[in-house]
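>>> From the sequence below, what's the structure:
(chains A and B)
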Protein chains: 2
Amino acid sequence: MKIGKGVEWAAHACAVLALLPPGAALSRECLADYLGVPPPYLAKQLQALSRAGLVLTQRGAAGGYQLARDAETISLWDITAALEGTAPRFRCTEIRRNGPCGASSAECPAPCDIAAAFQQAESVYRETLAAVPLTQVVAGATAVATDGRKQRIGDWIQQNASGLS
Amino acid sequence: MKIGKGVEWAAHACAVLALLPPGAALSRECLADYLGVPPPYLAKQLQALSRAGLVLTQRGAAGGYQLARDAETISLWDITAALEGTAPRFRCTEIRRNGPCGASSAECPAPCDIAAAFQQAESVYRETLAAVPLTQVVAGATAVATDGRKQRIGDWIQQNASGLS
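Okay, the predicted model is just below:
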């Protein structure tokens, strides 16, 4: 029932990419350095984000990763879904139809209250994460950052991003 | 990220126990027969429900399982927690503190928006399941059952439950 660490890494990686100016990109090694995780650990996450259309890969010496669309349109649910998939967490196997007192089709016009409650719970979980765009994550982090740290982050991007004009 | 099938089995098993008159009990074999699942499959679930204080085991020939408290006070969250635990699904490892631009303690007065959003999502998930007591599950199933099926269920309980007066 746990969410893999990869979701946390991927969310933070996307938040870093959201800091880049348009057209700029960061290599996997630079992203991993910024996040303090070993570069191989990020490979799977970046592949999943790429497959889901959330990041783009620029090839070549000046290449790297960048967000594939505006950070305002990428939510924490998008990132979670990219990493963990969108299949329902609760699978209903229609147990009510089983056994000596099993319900007939006519008695099952809708999901039972057990299946319905889990569907509803997953729906509100998803909506909560979908309501948080990367821009909110960045704004929240920026609001508590000191001027000195903002400067360090700006300098680090200047030194490490490719495609800067 | 999936919820094990055991939660579905356990929820349905508890819903069956909620049908019993006070003092009555059902063996694991009878419960498994009612649900149409192999008896060994239910062993782990019943142990977990017992450890969580949701069911009681009566030993002996007239023994079996019964709810440990009123069905109105047992929610789908109680059952999920009994089977899957209550540890947060999303584990924050404070990635924002890492790397060359890591945040200082003073810059982390509260969880970041990523951790906060996952905490909030888990909270609404939990609350949705906590709002559904076994009595609602039973009422929903009863509302769509034909009179013939209600009779079959009553007869089955009479034939299979122990401790009936």
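>>> Okay, now the unreliable bits of chain A?
A:1, A:61-62 (pLDDT under 70).
>>> what residues does the longest helix along it touch?
Ordering each helix of chain A by length in residues (DSSP state H) puts helix A:113-130 first. Outside helix A:113-130, the residues within contact range by C-beta atoms under 8 Å, 6 or more residues apart in numbering or on different chains are A:75-78, A:80, A:88-90, A:92, A:110-111, B:3, B:8, B:11-12, B:15, B:76, B:117-118, B:120-122, B:124-126, B:128-129, B:131-132, B:136-137, B:140-141. Using the backbone N, CA and C atoms, a C-beta is placed for each residue, glycine as well.
>>> Repeat the analysis, applying 6 Å as the threshold.
A:75-77, A:80, A:89-90, A:92, B:11, B:76, B:117, B:120-121, B:124-125, B:128-129, B:132, B:136-137, B:140 (C-beta atoms under 6 Å, 6 or more residues apart in numbering or on different chains).
>>> List buried residues within those residues.
A:75-77, A:80, A:89-90, B:11, B:76, B:117, B:120-121, B:125, B:128-129, B:132, B:136-137, B:140 (16 or more other C-beta atoms under 10 Å in any protein chain shown).
>>> Say whether chain B is contacted by stretch A:134-150.
Yes - Stretch A:134-150 reaches chain B (C-beta under 6 Å from any C-beta of the partner chain) through A:Gln136, A:Val137, A:Gly140, A:Val144, A:Ala145.
>>> you'd agree A:Ala52 is up against A:Glu84?
No - if you go by C-beta atoms under 6 Å, A:Ala52 and A:Glu84 don't touch, sitting 10.9 Å apart.
>>> Work out for me the element the residue lying farthest from the centre of chain A sits within.
What lies farthest from the middle of chain A is A:Pro100; by C-alpha atoms, centre = their mean that is 45.3 Å. In this structure, A:Pro100 is located outside every helix and strand according to DSSP states H and E.
>>> where's the closest residue to it other than its chain neighbours relative to B:Leu31, distance?
The shortest distance from A:Pro100 to any residue other than its chain neighbours is 5.8 Å, reached at B:Trp156 (C-beta to C-beta, 6 or more residues apart in numbering or on different chains). Taking C-beta to C-beta, to the nearest Å as the measure, B:Trp156 falls 11 Å from B:Leu31.
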